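> What follows is a protein structure lacking sequence information:
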Ligand SMILES: Cc1ncc(C[n+]2csc(CCOP(=O)(O)OP(=O)(O)O)c2C)c(N)n1
Ligand SMILES: Cc1ncc(C[n+]2csc(CCOP(=O)(O)OP(=O)(O)O)c2C)c(N)n1
Ligand SMILES: [Mg+2]
Ligand SMILES: [Mg+2]
C-alpha cells in the first residue's frame, strides 16, 4: 500500500503528455532556436557518454539526456547579466546559457583550455560571460549562493536576477528551506528551478518524500510556484518567463518545478544503471516516448513550421559541430604542473 | 506597508483570548495538578530571575515566564518512557516532565548535585528517569535527535514517542525541514512542539518569515499539524493528546504549534531587554492579560472548582517548596577539580 | 570460526564487520545515503538490506544533518546506530550534529547519557572527481574532544575496529578509504577489543627512521619501507589506528630510538595529523635524541584538482615518501 | 586623521573598521544574526544599521547556512559581503558553505571567479555558557587551503585587519574574541595593508624563550612575559595574526635564536594551532639549536564546562603560561 500523496498525477505518468507539444503563437525562429539548443545538448552529452564508455573521459559525468527542455526553456528568458548556477547535472544549463562546446569537452577531458581550465571536470563548469556562474556537485550548494547573487542584483537595481538549478533530491537538504525563507523574507529576485526527475540517484522520490510535488515547499515559504511539464520546452519557457518577469520587476523570488526524467543512469553513460530499486526499463521506455526533442520536432513538422529535411539538416550540422569541437578538445594541452596551486587564492593572485 | 501573511490572526493578538479558559469536562484534580505545575515553573523561574539579577546565577538563563502552559499541556499526555528534548528555554519542559526543583537550582548555580552535575547550567538540563532526555542551546539541535529517539522507540514497538520542543526561530534552521521529511517519509512517532512566541531574541517573526504560522511547514511535509492558543493549558493538552495518540498508535509524526509570549527578555531577568526593535512595553502588558496561569485560576474560581483560598494556599505551598529547594541548592558543593575531564568519554568511563 | 587460509580484502572486511554486528547484536542498525544501492558505498554493504531487512539498513533522503542527528538520537536509547556518509565531503553538512551534539553530549549532561553512535565517513578521492569529492578531514574531527576517531589501515583492522567502534558506548567517527578496498591480507578470527584499549601498532620494525601514518598512508609507508630497505635504510612504520584520543607512547619510543621522524598523511598540512605527530614527538623526545629535523609528507596547500595530469602530482605517493626519507638520512 | 593621543579599545576598533569600510566602499554590506540588536555582537556594530541603513546591515533569520551562502553569492558580484556569526559554535552550521564552497570556489573554477567574502566568527566563551557556547575553532579553518584565516590580537590590528580582510578578493575568516573587547592601546591612523602581505609580528623581544600565540592568547603571553622578566627570563612574543596561509619565517628565526618554544592557544591541542606552530618550528630549526623540547599550553582535552569552579581550571591563564615557561628553563 502506498501512503504517499502524489499530486503530480499525470505529470509524473510517462504514458501521459506524450503528444506533440502545443507551440501556440511562438515564432518559428524561436522554436527552431530552442530545438537547436536542445539538440546541441543532446548530441554533446551523447559524445560525453561515448567518451565515458571508452574511458577517454574519467571525470564523473551526470548526463541530463531527456531533460534538455528544462535548461533551454528557462534560459530563453534569461540574459547574460543574470547569475545562473547549477549542480552536478549541469551540462545542459551551461550550454543553454551559451557556454562553449569546445570548452565543455576540454574541461571534461581535463585540458587547460576547458571551461574551468581543467580544474573542475564535468561537475564544475563556468561560463561567466554568458551568465553561467558555476556548477558544483555538493547537492543544493549553489541554492543559497544564487540567493546572494540575487541580493547583489537587487542592490544594483538593474533588474538582474539569481537563478539556481537543482533536483528533487536537493530539496531534501535543509538549506533549500533556509534559502526560500531568506529570499521570501528579504524579497530577493531569484528563481529556484527544480528539475524534478523523480529520482535521487537510485531512489524514487516516493521512497524519500511523502509527496511528489516539490513546489509545495515554495508554497510554505510564500514563494510563488509553478509546476509544469519539463519535457515541454514551450510550457517551460512560458512558466519561466512569468516568474522571471515577476523577479525582475517586483523583486520577488519564484519557484519553477519542471517534471522530467533522465534517460541514463545517475552517473555515467549507461541506461540500466539504477535499475533494480524501483526504476524499470519499461518506465524508461515510456519516458522516452515523452522525449522533449521529438515532441517539439513532431509539433514543428505537424504544423508545417519545419520540414523533415530541415530537421535532419539541423541534426547533421550539430553533429558536425560537436565532432569538430571534440577534435579540438582532444588535442588540447593538459594543465602545466604549476597550475596545481595557481588558483587557490584566485582573488589576490590574479 | 506590511506584505506578510498573518494567518494566526487573533491567536497572535494579545487583546484576544484573554478570557478565562474553557475547562470543559476536565477533572478538577487534573486541572489543579496543571495549575500546580505551572505555578512551580513560574515560581522557580522567578527565583532564577532573582538570582540572575543579583549575580548569584551567572549561567545565561532564558526564562519562559508566560509560556508555562505549553510544557504542562504537552507533558500531560506523555509518560516517562517517552523521550523529550528541549532547547535553551527549557526549564519549563524539564519541570513539567518531573525534573527536580533542587537539581534545577543546583545546576543553574553550577553545583555538583545539579541536574547535569554542574556541567551544563541552565541551558543543558537532564532528567532521564522522567523522560526528559536533555536540553541544549544550539537552536534546533535536538529536533533531529528527537526524531532518532522516536525511530528507536518505533523499533522497540512499545508505543513510546520522541518529542522536541523548539521555537519559531528554530524553524528557520534547515534541519527542521530535513527532520520533518525524515519523520514523514519513515513514519516515525515523534511530536514536534513549536512554542511560537513570535520572537527570536530581538526579532519579531514578521521580520524573519513571510508568514507567522509556523505549522505551514508541517503541512508541506504532510505532517499532521495543529495550531492553538499556547496560553490555554486545556486546549494545549487536548491538541497534544490527539497528536500524541496518533503517534503512539499509528507511528505518525505530529506538529503542535503553540502561540505564546515570553514576559522577560530573550535572556536574563529583565522585562524590557528586547524593547526597541519591535517589542513594546504595551504589547507586553497586553500579553500579561493573557497569562496562562491567571486564566486558569479565574476559570477554576468562576466554575467553583477551586476557591480563592485554595489557590492562595497552593501558591504559598509552592513558594515554600521553591524556597526550600533554593536553600538546599545554595549550600550544595561545587564540582571537584577532577570532574573537569571526567565525562568526556561518558560511555566508556562509567 | 578460523579462516586462516583465506585472504581478506579491506572492502569485504568492512562488510564482514557489518554482518558480524547485525548477526550478534539486534540493536545495531545502519542509516545513510545509498545503502540500498549496489554501488554507492563500494561493495562494503552489498545486499545487506536484503539480508538484514530494510528496517535495519535504512536508505535516506539527501539530508546529512537530520540523518546523523537521528542516528545520535536513536543511540541514546539502546540502539547501536551507524550513520553512513558515502563521502567525508558530504559529512560536513552534519558537522553540527557530530561536533556540537554527539561529541559533547555526555560531557554537558554530566555523563548521564552517552550517544553510542558510530559515524562512518568514507574518503573517496581521485578519479578526477575534484575539490568537493576528495576530502580527508580526519584531522578536523581528531581536534574535537569527545569524538573518538578511528582510521584503520588494514583489512582485519577495518573489520575489527568497525566492530569495536559500533560496540563502543561513546560517539565514534570511523573513517575508511576507498583506495584501500582492494588491499588484501591473510584473514584471521575476529579480534574483539574494547575501543579504549586500541593503540597504535608498529607495522614494521626499523631503527633508521620512523614513518608514522594512518589509513591508506600506512600502505604507502610500508611499500616505501620495502624499497628503502634495499637501499640500506631501515624504516619503522607506525600505524596510528586511533587518531583521537591519540596515544603517544609508541611514537615517543620509536622516534627516541631512530632519531628521525617522517609523518605521512593524505590530508592537508596546516593543523593536520602529520603536524600533530611531529608536535607530539617534539614535546616528548629530547632535543639531543634527534638526528634530523622531522618532516611531513602531505597534500599541497590546495584543494584537489580534477585533471588527471594534476591529480598525479597532488596525492602523496610511495615515491614522495621515499624521496623525503632519503633526504633525511 | 591622526588620533595619536587617544586610546582605542578592541571592541570599538572593530566598529571603527566597519565605519571605515561603510564610509569608503559602497559595495560593503554586512549580514548576520543580531546585527540590529544592541547586545548581540557586543558593542562592535552598535547602531550601524541606523547609521548606514538596514539594507547594508542586514539582520537575518536563524539560518547560518543560507545566510553565509548568500554572502558568498553576493561577493561573486562585486559586493564586499561580510557574514557575521555571533559565535563560532553557530558558524559550524555554515561549514559546508565556508569549506566546500567559498574556500574552493576560485580553485575549482580555474581562478575565473573569487568570492571576496569575509566571514566574521566571534569567539564568545566563559560566563558559564558551556560546551556549545565557547568554542574557538580557528585551527579547523586554518586547515583548509583557500580560506585565509585572520585572528587579530590588538585593537589596531582588529580594525586594520578587518579592513584588509574585507578588501581582500579572497574568502577570509576573520575571528575576534569577546575577551579582548576591552583591551585598549594607543590609537593611530588606519594602516591599509593588502592581506597577502600581513605576516606575524614580534610583539616583544626576548632571547631566552619564544612564546607564540594568536588573538587573546597573545595578551596572555605578553602579560606572562612581563612577569617572567622580573624573574630574569626574557621572552620573545610572536603574534601570528594570519593563521592561514601561515608564514613561518619569524617563528623559525626567533626559535633558532632562543632554542625554546612555548606555543599558547585557547583552542584544543590535537591537530590544533599550538601543535602546528611546534611542527613548523621542528621542521625548520635544526635539532642542535634546541635547548629544550617545545611545549604547548592549550585547553584540556574536554569540551567547556559551565560551573565557574571548573571554568577557572579550563582556560589557559597568565599563570599557566608562566609555569610552563619556567619549567622549560
Ligand atoms: C551534500 C551532498 N550529499 C550527497 C551527495 C551525493 N549525490 C550526488 S547527486 C545526488 C542525487 C541528487 O538528486 P537530485 O537532486 O534529484 O538531482 P539529479 O541527480 O536527479 O539530477 C546525491 C545524493 C552530494 N553530491 N552532496
Ligand atoms: C545554531 C544557533 N544559532 C543561533 C543561536 C543564537 N540564539 C539563541 S536563542 C535564539 C533565538 C531562538 O528563537 P526561538 O527558536 O524562537 O526560541 P525562543 O528564544 O523564542 O524561545 C538564537 C538565535 C543559537 N543558539 N544556535
Ligand atoms: Mg532528481
Ligand atoms: Mg521564539
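Everything's here; your move. Every value quoted in this text rests on a predicted model; they were computed, and no experiment measured them. Ligands and ions are numbered 1, 2, ... in the order given.
> my guess is residue C:176 is in a strand, correct?
Yes - the secondary structure assignment for residue C:176 places it in a strand, going by DSSP: H, G, I helix; E, B strand; the rest coil.
> residue contacts, it?
In this structure, residue C:176 makes contact with C:10, C:14, C:44, C:120, C:122, C:123, C:151, C:152, C:158, C:215, judged by Cβ atoms under 8 Å, 6 or more residues apart in numbering or on different chains. For glycine as for every other residue, the C-beta is placed from the backbone atoms N, C-alpha and C.
> try residue A:97
Applying Cβ under 8 Å, 6+ apart, the residues near residue A:97 are A:71, A:75, A:78, A:84, A:127, A:130, A:131, A:132.
> I'd like the residues you listed laid out as a markdown table, including pLDDT.
What follows is those, written out as a markdown table (pLDDT from 0 to 100):
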| residue | pLDDT |
| --- | --- |
| A:71 | 98 |
| A:75 | 98 |
| A:78 | 98 |
| A:84 | 98 |
| A:127 | 98 |
| A:130 | 98 |
| A:131 | 98 |
| A:132 | 98 |
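> rewinding a little: so which of the contacts of residue C:176 belong to strands?
Using DSSP state E, the subset of those located in strands is C:120, C:122, C:123.
> Can you tell me which of those lies closest to residue A:23?
Within the ones in strands among the contacts of residue C:176, proximity to residue A:23 (Cβ to Cβ) peaks at residue C:122, which comes in at 48.3 Å.
> How much space separates that closest one from ligand 3?
Residue C:122 is 22 Å from ligand 3, where distance means Cβ to the ion, to the nearest Å.
> May I have the residues that are in contact with that residue?
The contact partners of residue C:122, taken as Cβ under 8 Å, 6+ apart, are C:41, C:42, C:84, C:85, C:86, C:87, C:88, C:175, C:176, C:177, C:178.
> number of nearby residues for the fifth one?
What that stands for is residue C:86. Burial of residue C:86 is recorded as 23 neighbouring residues (other Cβ atoms under 10 Å in any protein chain shown).
> Sitting in helices, which of the contacts of residue A:97 do you find?
Restricting these to those inside helices, with DSSP state H as the criterion, leaves A:71, A:75.
> Next up, the contacts around the residue nearest to residue C:67 when sequence neighbours are not counted.
If the residues on either side of it in the chain are set aside, residue C:67 comes closest to residue C:60, at 4.7 Å by Cβ to Cβ, 6 or more residues apart in numbering or on different chains. The neighbours of residue C:60, taking Cβ under 8 Å, 6+ apart as the test, are A:208, B:182, C:31, C:32, C:33, C:35, C:67.
> Surely residue C:265 and residue C:315 touch.
No - counting by Cβ atoms under 8 Å, residue C:265 sits too far from residue C:315 to count as a contact (10.9 Å).
> which neighbours do these two share?
Residues touching both residue C:265 and residue C:315 comprise residue C:299, with contact defined as Cβ under 8 Å, 6+ apart.
> Compare these two (neighbour count), which wins?
Counted by other Cβ under 10 Å, residue C:265 and residue C:315 do not tie: residue C:265 has more neighbours, with 28 against 20.
> picking up where we left off before, same list (the ones in strands among the contacts of residue C:176) but as CSV, adding pLDDT.
Listed next are those as CSV, based on pLDDT from 0 to 100:
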residue, pLDDT
C:120, 98
C:122, 98
C:123, 98
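> a markdown table please, covering these and showing distance to residue A:66.
Written out in a markdown table, the entries for the ones in strands among the contacts of residue C:176 read as follows (distance: Cβ to Cβ, whole Å):
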| residue | distance to residue A:66 |
| --- | --- |
| C:120 | 34 |
| C:122 | 30 |
| C:123 | 33 |
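> Now name the helix or strand holding residue 321.
All of this refers to chain A. Take DSSP states H and E as the rule and residue A:321 turns out to sit in helix A:308-330.
> nope, chain C
In this assignment (DSSP H and E), residue C:321 forms part of helix C:318-328.
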